[in-house]
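> 3D model of this:
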Amino acid sequence: MTVAVTAMAQDPSSPQGRPPLLPLVRGNPRVYDVQYSVTLLFNSGTDGRPDMLHLEQHAIELPLITSDSLSQVDVMSPKCQATLLGDTGGSQVAQVPIRAESLPGSVPVLVADCGKFTGQHTRFDLSWRQQVWECELDETAAATIAWPREWPAEAASALKPEPFIECDAPAFAEFIQEVTQGQSPRSIPVQSAAKEIIKAAIALFRNVDSEGVVGERGQFRGFSLQGALAAATAGAGSRHDLVCVCVAALRAGGVPARPVVGILEETGKNAKTRLTSWGEYFLPGSGWIQFDPLAMRGSGVRNWPVNRDWKHHGEVDFDDGIRLPIAHSFLPPGDTQAPISAPAIWGWRAAGGIDPNGGVFDSVRVQVISRGKGTPD
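Model (predicted):
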């Protein structure tokens, strides 16, 4: 049976659910059906013994942003189908119940639980319907917005350290002092400070390498990710490390910021649909401002003055690809078991027997189907 995730609903009038406010505007809503698939293949390493796992609990979890200023999930739409290869060698396709859990200050987490399982292979297909918008920022008007006396609740949590974003490390405090030449970031408007910090964080990277971890047959297994502190120290890392460094630096400078992990449906020849990440920072009175540091890095951002419009900053243009946010972290929140190989948003909840002579191969695949125009404001 498929269980509707009614507990995921959020108040559309809340800051997270309302449209952005000037100088940020949204338009051209589009609707997509999204499928996020996790495959777990268990290999006992012993001929004739396919039943490597004897689990009392076999579940995956996925944090899902249900309501944001540029994205809305139909909270009645999430469902999960699982393909299970059991100990007899036969496969079974079943609808798996979904429940929603939420920790204080975190987005809801979808939990798809198979219960007891004995077997070798499972594929979880989570799906939902999502509406997304384009947006545009009037950067001249944004540059006049002053720092607030205190940040609203929706932004305050985006100033704290978390896995892969060690914004409280002394190295980032020192970095901010270098960027501001010993002045307070608050000596200039929020947006100007944020752009100076982003530009300097991008300049730390001499090289941006692999996109993610892949299997022998090209299966995506997770993000290549060492974290903000290690990447900033090395001056190299993946595009996701670059996002983490920008977010950590912004937080260290007092600007609420967060990563966004989601799906990019590329446009043009040889386009692909893949998991990716980008960044956002909070502009008081308006909302979250998107930026893509890797795209900026390839466009000469080091020479851009902060008082001009920036490409890949404060704008979402569907001609550049469709972005569907899933989460604001690379792993589920709380004390949960991470995926096997590399972070890829999801987590695995397993309890029971695992053959110590065996291994687990995990991979992730995403798909989107356009359902046409959405509902305008």
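
> And the helices in the stretch 151-300 of the chain, which stretches?
Per DSSP state H, counting those that start in this stretch, the stretch 151-300 of the chain has helices spanning 153-156, 170-180, 190-203, 228-234, 239-252, 293-297. These are given in chain order.

> Report all helices and strands that the second one contacts.
It refers to helix 170-180. Here helix 170-180 touches helix 190-203, helix 228-234, helix 239-252, going by 3 or more Cβ pairs under 8 Å, 6 or more residues apart in numbering; DSSP states H and E. (Glycine included, C-beta is placed from N, CA and C.)

> Export these as CSV, with columns for mean neighbour count and distance to Gln219.
Converted to CSV, these look like this (neighbours: other Cβ atoms under 10 Å; distance: least, Cβ to Cβ, whole Å):
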stretch, mean neighbour count, distance to Gln219
helix 190-203, 23, 30
helix 228-234, 21, 25
helix 239-252, 29, 18
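
> And those: which comes nearest Asp168?
Ranking the helices and strands packed on helix 170-180 by distance to Asp168, with Cβ to Cβ as the measure, places helix 239-252 first at 7.7 Å.

> roughly how far apart are the residue lying closest to Asp168 once chain neighbours are set aside and Ala344?
Nearest non-adjacent residue to Asp168, counting by Cβ to Cβ, 6 or more residues apart in numbering: Pro161, 4.6 Å away. For Pro161, the distance to Ala344 (Cβ to Cβ, to the nearest Å) stands at 21 Å.

> Which residue ranges make up each domain of the chain?
In the domain annotation for the chain, the residue ranges read 6-133+330-373, 139-211+224-325 (automatic domain parsing).

> Endpoints of the longest one, how far apart?
Right, domain 139-211+224-325. Using Cα to Cα, to the nearest Å, the span of domain 139-211+224-325 from its first residue to its last is 23 Å.

> Contacts for stretch 304-313 next, please.
Contact partners of stretch 304-313, identified using Cβ atoms under 8 Å, 6 or more residues apart in numbering, comprise 137, 139, 143, 191-192, 195-196, 198-199, 289-292, 295-296, 299, 301.

> Give the rounded mean pLDDT of stretch 352-359.
Averaged across stretch 352-359, the pLDDT comes to 66.

> Now do that stretch: distance from first to last residue.
15 Å.

> one step back: in CSV, list the helices of the stretch 151-300 of the chain along with mean pLDDT.
Rendered in CSV, the data for those read as follows (pLDDT from 0 to 100):
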stretch, mean pLDDT
helix 153-156, 90
helix 170-180, 98
helix 190-203, 98
helix 228-234, 98
helix 239-252, 98
helix 293-297, 95
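
> Compare those helices and give me the one nearest Ser329.
For the helices of the stretch 151-300 of the chain, the distance to Ser329 is smallest for helix 239-252, at 10.6 Å, taking Cβ to Cβ.

> May I have that closest one as CSV, with CA atoms only?
Listed next in CSV are the C-alpha coordinates belonging to helix 239-252 (Å, rounded to 0.1, in the frame of the first residue of the first chain):
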residue,chain,number,x,y,z
ARG,A,239,32.3,21.2,-7.8
HIS,A,240,30.5,20.2,-4.6
ASP,A,241,33.5,21.0,-2.6
LEU,A,242,33.5,24.4,-4.3
VAL,A,243,29.9,24.9,-3.2
CYS,A,244,30.8,23.9,0.4
VAL,A,245,33.7,26.4,0.5
CYS,A,246,31.5,29.2,-0.7
VAL,A,247,28.8,28.4,1.8
ALA,A,248,31.3,28.0,4.7
ALA,A,249,33.0,31.3,3.8
LEU,A,250,29.6,33.2,3.7
ARG,A,251,28.6,31.7,7.0
ALA,A,252,32.0,32.7,8.5
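
> Now do it against helix 170-180, angle only.
Counting by axes from the mean of the first three to the mean of the last three Cα atoms, to 10 degrees, helix 239-252 points 70 degrees away from the direction of helix 170-180.

> Helix 239-252 to helix 190-203, inter-axis angle?
Taking the same axes, to 10 degrees, one finds that helix 239-252 is oriented at 140 degrees with respect to helix 190-203.

> What is helix 239-252 packed up against?
On a contact count with 3+ Cβ pairs under 8 Å, 6+ apart, helix 239-252 meets helix 170-180, helix 190-203, strand 207-208, helix 228-234, strand 257-265, strand 273-283, helix 293-297.

> Now render those as TSV, adding distance to Ile369.
Compiled in TSV, the helices and strands packed on helix 239-252 are given as follows (distance: least, Cβ to Cβ, whole Å):
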stretch	distance to Ile369
helix 170-180	41
helix 190-203	34
strand 207-208	31
helix 228-234	35
strand 257-265	10
strand 273-283	10
helix 293-297	25
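
> Can you check which of the ones you listed gets nearest to Val111?
Checking these against Val111 by Cβ to Cβ gives strand 257-265 as the closest, at 18.2 Å.

> buried set for the closest one?
Within strand 257-265, the residues scored as buried using 16 or more other Cβ atoms under 10 Å are Ala257, Arg258, Pro259, Val260, Val261, Gly262, Ile263, Leu264, Glu265.

> Tell me the pLDDT of the second one.
Here, the pLDDT recorded for Arg258 equals 97.

> hang on, isn't it packed against Ala248?
No - counting by Cβ atoms under 8 Å, Arg258 does not reach Ala248; the two are 10.8 Å apart.

> Make CSV from the domains of the chain and add distance to Gly218 to it.
Converted to CSV, the domains of the chain look like this (distance: least, Cβ to Cβ, whole Å):
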stretch, distance to Gly218
domain 6-133+330-373, 10
domain 139-211+224-325, 11
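
> Kindly report which one of the ones you listed carries the lowest mean pLDDT.
The minimum mean pLDDT among the domains of the chain belongs to domain 6-133+330-373 (a mean of 83).

> Quick one: distance of that domain to the chain centre.
What separates the centre of domain 6-133+330-373 from the centre of its chain is 13 Å, taken as Cα atoms, centre = their mean, to the nearest Å.
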